[in-house]
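Chemist: below are the sequence and a predicted model; questions follow.
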Amino acid sequence: MQFGSRRMRRRTGMGRLIPPLVIFIVCSMTLRWTHVLVTFSHQNSEAHNLSPFQNAMINTAVANKHKQQSSNNHNINDEHNNLRAAPRTLSELNILNETAPTSTLIYPLHAKSGTHHAYLYIGTPPQRQTLIVDTGSRLTAFPCEPHCPDCGTHASSQYHLQNSSTHEIVDCNNCKLNQVDFPLEDYMASDGIGGNSGDGPSLRGTSKQQQIQQSQRNLFPTSCIYNKCGLDQRYTEGSSWKAFEVQDKIWLGLDDETQSIETHTKFATPFTFGCQVSEHGLFKTQYADGIMGLSMYTQTLVGTWYEQGTISHESFSLCLNSKGGHIAIGGIANQEEDKYLSPMQFTPFSKQQVWYYTVSVTSISVGKHKLPKSILPHVNDHKGTIVDSGTTDTFISWKVAKPFIFAWERITKRQYNNRLQLYTYEQFNELPVITFDLDGGVQWEIHPRAYMEDVETTRQREMVNATEITTPDKWEGNRGFISRIYVDEPHGVVLGSNAMLDKEIYFDLANRRLGVAKAKCAY
């Protein structure tokens, strides 16, 4: 693994990456940046005390944005007003307060190369694949033998199509992964997925009609090659893969293959996935075999299990820690098992007609310093604030950079950046907690041990291929850390897996809400 930032960094465990399923960017640049800076300067006169380096960085960003904005002026106030929540009905309030069901299908997760993986068993006899659990993607895909001779070497042997007696190649009259659950025009009008995570190509600099046509070609393919449903995914950083649709029975399992087969085969369900025939770029070098899409889309494992009646509630939860954690299908882990450190609180999904998970932020705090309210349009508009387990790091809109950096430097008395910095144990413990307050009263806290990467621990873990190495509770002298909160996102916020650490995050598709509880995430 390389150290350094990325746009959706280390989804494949490498350096500065864009995620394996890059979501649509419907980019409407505005002239509102100047207004934000003026507003901030009135609210925080000490902002001019930023370091020369940070002022130069911000000023350069402003100049570049103004150049882009001159050809595409759009008032984001209109969209922001549309996103303001209407008074909730009694039924909506009841849903937010409704207790989450307890799941009986709980499986271990494993952390490696900055991502969290589950074991998926496919076919008869079963073959195991190690897949990234990805709430920012709708597709599940991995290489298939003998169709992908040039694919990279990953955690598992390739799924061999002919070795499974239950596999079925989906013909062109029955393609499933090219379907959408809502009108595409509505999807595009709502700014789609925007930014950095999920499916589809970048749509910067194209007209609305071109965006719709391009998304239809790339996101919902209709290609038919030798009577196979073709999938062709390309990403802005240069990676790509091609696949065809295959259906086979699948289920999640444990580390022990024998136990997984004997105990969990009864939960197997027919499922359609992408059988990759080529990988290029970062897909070829990643540790995981592929990805398991968990977004709000019918052709996901959760949606399929719900349709088959295996689970009674269309929902799941993820509980991540630095070693791994667990995934619960159909509900949450048992709160009575002394794993929960706080009651679960709920917030509604803030956007309709999209398949990613977006929440509404009411305030952001760096330590006890609350950032000005004028930043809220920049975290809630466009794609909004996304919860994405397939993204290793957390990304905040570049329009929030100046107040965020000002607050950080005021508290820590050191320059904020995403480069290696040395800390004593005492200095590290003085770093601020980053808090996102969400609609409904949820307080989403990101502690230093979650967003500061311990370089030495990460290096040791990669060298010995182990997960049991953790940052020591206390250390002598200096220790190197890198901040993995980036303030350069084009629009909105992405709360990646580092923001999700040590929390049970409940994705309630049926009731369109997100649950958050501090938890011990051991399996």
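Modeler: Noted; the coordinates are in hand. These numbers were taken from a predicted model, which means no experiment stands behind them. Numbering: from 1, shown residues only.
Chemist: can you show me the helices along the protein?
Modeler: Secondary structure of the chain (DSSP state H): helices at 32-43, 52-69, 76-83, 90-97, 184-189, 208-218, 257-264, 301-308, 376-380, 401-412, 425-429, 448-451, 455-464, 497-500.
Chemist: ok, residue 474 touching residue 424?
Modeler: No. The pair residue 474 and residue 424 does not pass the contact test of C-beta atoms under 8 Å, sitting 10.3 Å apart. From N, CA and C alone the C-beta is placed, and that goes for glycine too.
Chemist: who's more crowded, these two?
Modeler: Taking neighbours as other C-beta atoms under 10 Å, residue 474 and residue 424 compare with residue 424 leading, 13 against 9.
Chemist: list the contacts for that one?
Modeler: Neighbour list for residue 424: 477, 478, 479 [criterion: C-beta atoms under 8 Å, 6 or more residues apart in numbering].
Chemist: also residue 325?
Modeler: Neighbour list for residue 325: 108, 109, 111, 116, 318, 319, 521, 522, 523 [criterion: C-beta under 8 Å, 6+ apart].
Chemist: for those residues, give me JSON lines that also has neighbour count.
Modeler: Compiled in JSON lines, the contacts of residue 325 are given as follows (neighbours: other C-beta atoms under 10 Å):
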{"residue": "108", "neighbour count": "18"}
{"residue": "109", "neighbour count": "22"}
{"residue": "111", "neighbour count": "18"}
{"residue": "116", "neighbour count": "27"}
{"residue": "318", "neighbour count": "25"}
{"residue": "319", "neighbour count": "29"}
{"residue": "521", "neighbour count": "22"}
{"residue": "522", "neighbour count": "12"}
{"residue": "523", "neighbour count": "17"}
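Chemist: now, among those, which is nearest to residue 164?
Modeler: residue 108 (23.9 Å; C-beta to C-beta).
Chemist: now that closest one: how far from residue 325?
Modeler: Shown here: residue 108 relative to residue 325, a distance of 8 Å by C-beta to C-beta, to the nearest Å.
Chemist: same check, this time on residue 105
Modeler: Counting by C-beta to C-beta, the gap from residue 105 to residue 325 is 15 Å.
Chemist: and what of residue 459?
Modeler: Taken as C-beta to C-beta, the span from residue 459 to residue 325 is 22 Å.
Chemist: cool, residue 130 as well?
Modeler: Computed as C-beta to C-beta, the residue 130 to residue 325 distance reads 15 Å.
Chemist: with residue 242 instead?
Modeler: Counting by C-beta to C-beta, the gap from residue 242 to residue 325 is 32 Å.
Chemist: again, but for residue 521
Modeler: Counting by C-beta to C-beta, the gap from residue 521 to residue 325 is 4 Å.
Chemist: between these two, which contacts overlap?
Modeler: The contact sets of residue 521 and residue 325 overlap at residue 319 (C-beta under 8 Å, 6+ apart).
Chemist: do you have the strands of the stretch 401-523 of the chain handy? List them.
Modeler: 421-423, 434-438, 442-446, 452-454, 479-483, 485-489, 493-495, 503-508, 513-518 (DSSP state E, counting those that start in this stretch).
Chemist: same list (those strands) but as JSON lines, adding mean neighbour count.
Modeler: JSON lines is the format used below for these (neighbours: other C-beta under 10 Å):
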{"stretch": "strand 421-423", "mean neighbour count": "17"}
{"stretch": "strand 434-438", "mean neighbour count": "20"}
{"stretch": "strand 442-446", "mean neighbour count": "19"}
{"stretch": "strand 452-454", "mean neighbour count": "22"}
{"stretch": "strand 479-483", "mean neighbour count": "20"}
{"stretch": "strand 485-489", "mean neighbour count": "21"}
{"stretch": "strand 493-495", "mean neighbour count": "27"}
{"stretch": "strand 503-508", "mean neighbour count": "25"}
{"stretch": "strand 513-518", "mean neighbour count": "22"}
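Chemist: out of these, nearest to residue 232?
Modeler: The closest of those to residue 232 is strand 493-495. By C-beta to C-beta, the value is 24.9 Å.
Chemist: where's the nearest residue to residue 144 once chain neighbours are set aside relative to residue 512, distance?
Modeler: Closest residue to residue 144 apart from its sequence neighbours, by C-beta to C-beta, 6 or more residues apart in numbering: residue 275 at 3.9 Å. With distances taken as C-beta to C-beta, residue 275 is found 32 Å from residue 512.
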